[in-house]
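Curious how this folds, go ahead:
(chains A and B)
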Protein chains: 2
Amino acid sequence: MNSRQFGRRGFLKEGAALAGMAFGGIGLARGQTPGSKAGEAHPEDLHAYGKRSRFENSVRVGNNGVSPAFRNPALRLNGGPHTPLQDSVGIITPTSLHYIVSHGYDPPDIDPRQHRLLIHGMVDRPLILTMEDLRRLPSVSRVHFLECRANNNPSVAQRKVATATVQITHGLTSCSEWTGVPLSMLLKEAGVKKGASWLIAQGAEPGNHTKSIPVVKALDDVLVAYGQNGEAVRPDQGYPLRLVVPGYEGINNVKWLTRIKLQDQPTMDKREIVDYPELRPDGKARWFNSEIGPNSVITRPSGGERLPGRGFYEISGLAWSGGGAIRRVEVSTDRGRTWKDAQLQEPLHRKAHARFGFAWNWDGSEAVLQSRSTDERGQVQPTIAELATLWSLPSDYFQTTGYIFGHFNVIQPWNVTRDGSVENALFS
Amino acid sequence: MNSRQFGRRGFLKEGAALAGMAFGGIGLARGQTPGSKAGEAHPEDLHAYGKRSRFENSVRVGNNGVSPAFRNPALRLNGGPHTPLQDSVGIITPTSLHYIVSHGYDPPDIDPRQHRLLIHGMVDRPLILTMEDLRRLPSVSRVHFLECRANNNPSVAQRKVATATVQITHGLTSCSEWTGVPLSMLLKEAGVKKGASWLIAQGAEPGNHTKSIPVVKALDDVLVAYGQNGEAVRPDQGYPLRLVVPGYEGINNVKWLTRIKLQDQPTMDKREIVDYPELRPDGKARWFNSEIGPNSVITRPSGGERLPGRGFYEISGLAWSGGGAIRRVEVSTDRGRTWKDAQLQEPLHRKAHARFGFAWNWDGSEAVLQSRSTDERGQVQPTIAELATLWSLPSDYFQTTGYIFGHFNVIQPWNVTRDGSVENALFS
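Numbering: from 1, shown residues only, chains lettered A, B, ... in the order given. Modelled structure (predicted):
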């Protein structure tokens, strides 16, 4: 079963789709016993839809400046609410704790029955699809991480201090099982015209965020996703529809997706040519450089925690890469002098978080814990000095300069002091 | 890294653990900026902990008779709240929609700081473990289904009628990413005495549910789980600790786990010798027959839905087996005369739900849709007649007799009528 087969079958009639009602969705029969679709459950009916324990209070922190949600000004970070990675287990991020970046907008209140996806521009057959149209089509489910391009970027002052937690340093990445229709299938149905090399994806929020994405990527592994971790995509993640662009910067994963336009070039707006490119000190920049490099971080123990005493601890963390599957994670407990292989939880998904574990006996002396990932292409996560060298900068550039450009996937050291306190040691 | 290594390291000091405070857990350092652990978030702060869209109202239905939660008596099923499989996508069940069976008890309100796990009986070194003790140990994360032994059992009258939904027929199975400590590691640390062939697991709820489990299974793949889908196990799933016994009947996955006792025989209480065994019409029964057989069901389209018209539909469903990974799912659209392979979503986890898809063009005539799974051992899901034959019963036994014993993993046919209505056709 591949998309070409479906193209041949012509599951959407040519032209007819443009009327917006090519076919309806599967609905409840009339007269059915009220059940799951009836929406009768009382909001506090925990048998109907459960809640976590009152003793669990792990929450997202940080915000994008528009929400009054966080009353502690110290938590007002640029870049939106961050996932509490210090409390994470496994590789699935609880949907309620997925990081949020929304360019200043709270989620629009979209009725899925009214929502439409328009595919137009350089195509043979423009399409307008309802949510139920999409749910009738062949779907795939895949585990993928998302990561904001600003994750871990030390231009945010709170990330440079010794007291920074892993939530603050790395909490702009999360991982979900996404379900949707391969965009390649929809593009095949629409018929991409010769010369159409870019698509412009647009959201339905008031700001109408747009992003230019190469058609070659769209035909590879991009999903038009309506499902996240077994249920509908959440409002803060783009309900009812978002683009999932595996391994690319978060900004590409357009939320509240309502329009895809095929063009022969990207849209050269301010964001694409000024905000997103990695402008380097030498004045050069890389445009449309979207793929996330190999990264990893120890989530436990991590900044702000305290070890109660000597003895055994499992060091646990996450690794990910836009380049594919993680192949190896090494851990050092001695400030990078020696490295040993960590244990990776299988299966290892491509362009997804990987959970690693490493057995450690703390002898009570000062220790520096850090992890280093290698992906399926052999790309290795750099140290902060190696990244500077890679970019032809002085090796202490990032320590001495406030402005940091582009992806910042450097090895994160945590310093364990003699009293068991764990501190951010990236800049010390 | 294997458990023997950890046994050698002696991560728990002999005897010391019995004092209940062998070591403390990783805690927050004093004076830390209030953050994710502070629990300061307002309950309605959706940036802190999100909610689904107000347009999404899929809920669990059915109850165990003790909760006033369901006001519609038609939905009061024996067996607890069922997962709305008709709305499921992918293989992860949203934690809030995981099925619940609790033998008549609402979740106890357990403070995890007070919770202890005692491992005793025929062991060299009894252990008392706190939650933080457990979180310091090597952990694993694996995707596994759970299923109540009563799932799909037509002794529940609501499952036999033509209007039954897939939630009612099959909603007592769900699938999660579970995180915890391998029980084998804890047993190695405790030192299982020669002759100890069974363990008795016990919950902390008022009813103190217990279940006898073979030690050989415990040493294989059983988890002492504190994590579910990336966060703490939910109260209705055993917060803060449950046993996960992959591929075994749900009853083995003891919730609110507080005690594991090693014995040289199972506990022969009423449930074990009267309730759980499969008493057959010939008077024979199989005791301690816990492994779930190969099963599958089409979740969309399914009972109670209505197809709006002819044309393309993806048939989507779930398959699972206690025998290991699903290797094959076939779909028939003509009442079982012909079968074709469905597409399986990869990776295929062992003892976990597998999602399958099958392309179908409905021509408007009556059709009977059904799926058949095969697991890694070559076990094939039977028809209702084949199951009767397998058990040396008349082939129409289940249709004509109200009492049904044991696992009922038969092929589920859905009848699509000319007006597009989808009906349960298992008993027609």
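
what about the helices in the stretch 251-400 of chain A?
In the stretch 251-400 of chain A, helices defined by DSSP state H, counting those that start in this stretch lie at A:270, A:384-390, A:397-400, listed in chain order.

now the shortest one: how far from the chain's centre is it?
Here helix A:270 is found 23 Å from its chain centre; the criterion is C-alpha atoms, centre = their mean, to the nearest Å.

State the pLDDT value of residue A:81.
We have a pLDDT of 88 for residue A:81.

Among the helices of the stretch 251-400 of chain A, which comes closest to residue B:309?
helix A:270 (46.0 Å; C-beta to C-beta). The C-beta positions use only the backbone N, C-alpha and C, and glycine is treated the same way.

what sits up against the closest one?
Judged by C-beta atoms under 8 Å, 6 or more residues apart in numbering or on different chains, helix A:270 makes no contacts with residues elsewhere in the structure.

element containing the residue nearest the centre of chain A?
Centroid-nearest residue in chain A: residue A:146, 1.1 Å away (criterion: C-alpha atoms, centre = their mean). Counting by DSSP states H and E, the element that carries residue A:146 is strand A:140-147.

mind exporting the helix or strand following that strand as CSV, just the C-alpha atoms?
For strand A:140-147, the following helix or strand on the C-terminal side (DSSP H and E) is helix A:166-170. Listed next in CSV are the C-alpha coordinates belonging to helix A:166-170 (Å, rounded to 0.1, in the frame of the first residue of the first chain):
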residue,chain,number,x,y,z
VAL,A,166,16.9,21.2,32.3
GLN,A,167,13.4,22.6,31.7
ILE,A,168,14.9,26.0,31.2
THR,A,169,17.9,24.9,29.1
HIS,A,170,16.2,22.2,26.9
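
before we move on, back to that, helices and strands around the strand holding residue A:146, which ones?
In terms of contacts (3 or more C-beta pairs under 8 Å, 6 or more residues apart in numbering or on different chains; DSSP states H and E), strand A:140-147 is packed against strand A:173-182, strand A:223-228.

what residue ranges in the stretch 151-300 of chain A score low on pLDDT?
Applying pLDDT under 70 to the stretch 151-300 of chain A flags the ranges A:278-280, A:285-288.

next one: the stretch 1-150 of chain A
For the stretch 1-150 of chain A, the ranges with pLDDT under 70 are A:1-44, A:63-79, A:104.

and the residue nearest to residue A:196 when sequence neighbours are not counted, how many neighbours?
Taking C-beta to C-beta, 6 or more residues apart in numbering or on different chains, and ignoring the residues beside it in sequence, residue A:196 has residue A:122 as its nearest neighbour in space, at 3.7 Å. Neighbouring residues of residue A:122 were enumerated by other C-beta atoms under 10 Å in any protein chain shown; the total is 19.

do the one 10 residues further on as well
The number of residues packed near residue A:132 is 16, by other C-beta under 10 Å.

Secondary structure element for it, which one?
Secondary structure here is read from DSSP H and E; on that basis residue A:132 sits in helix A:131-136.

could you say what helices and strands that helix packs with?
strand A:223-228, strand B:311-320.

Need the three-state assignment for the residue lying closest to residue A:49 once chain neighbours are set aside.
Among residues not flanking residue A:49 along the chain, residue B:96 sits closest, at 4.8 Å (C-beta to C-beta, 6+ apart). Under the three-state scheme (DSSP: H, G, I helix; E, B strand; the rest coil), the conformation of residue B:96 reads as helix.

how about residue B:96, what does it touch?
By C-beta under 8 Å, 6+ apart, the residues touching residue B:96 are A:49, A:50, A:51, B:234.

Mind listing the residues bridging to residue A:116?
Beta-bridge partners for residue A:116, by DSSP bridges, are residue A:130.

Quick one: residues contacting it.
The neighbourhood of residue A:116, defined by C-beta under 8 Å, 6+ apart, consists of A:20, A:128, A:129, A:130, A:258.

That one and residue A:204, how far apart?
The gap separating residue A:116 from residue A:204 is 9 Å, by C-beta to C-beta, to the nearest Å.

what do the two both touch?
When C-beta under 8 Å, 6+ apart defines a contact, the residues bordering residue A:116 and residue A:204 alike are residue A:258.

Let me have the helices of the stretch 251-400 of chain A in TSV, extended by mean neighbour count.
Conversion of these to TSV gives the following (neighbours: other C-beta atoms under 10 Å in any protein chain shown):
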stretch	mean neighbour count
helix A:270	8
helix A:384-390	16
helix A:397-400	16
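
coming back round to it: mind putting the helices and strands packed on strand A:140-147 in CSV, distance to chain B and mean neighbour count included?
Listed next are the helices and strands packed on strand A:140-147 as CSV, based on distance: least, C-beta to the nearest C-beta, whole Å; neighbours: other C-beta atoms under 10 Å in any protein chain shown:
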stretch, distance to chain B, mean neighbour count
strand A:173-182, 4, 26
strand A:223-228, 4, 26
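
Tell me which of those strands lies nearest to residue B:341.
Nearest of the helices and strands packed on strand A:140-147 (C-beta to C-beta): strand A:173-182, 19.6 Å.

From the chain's centroid, how far away is that closest one?
Mean-position distance between strand A:173-182 and its chain equals 9 Å (C-alpha atoms, centre = their mean).

after that strand comes which helix or strand?
For strand A:173-182, the following helix or strand on the C-terminal side (DSSP H and E) is helix A:183-190.
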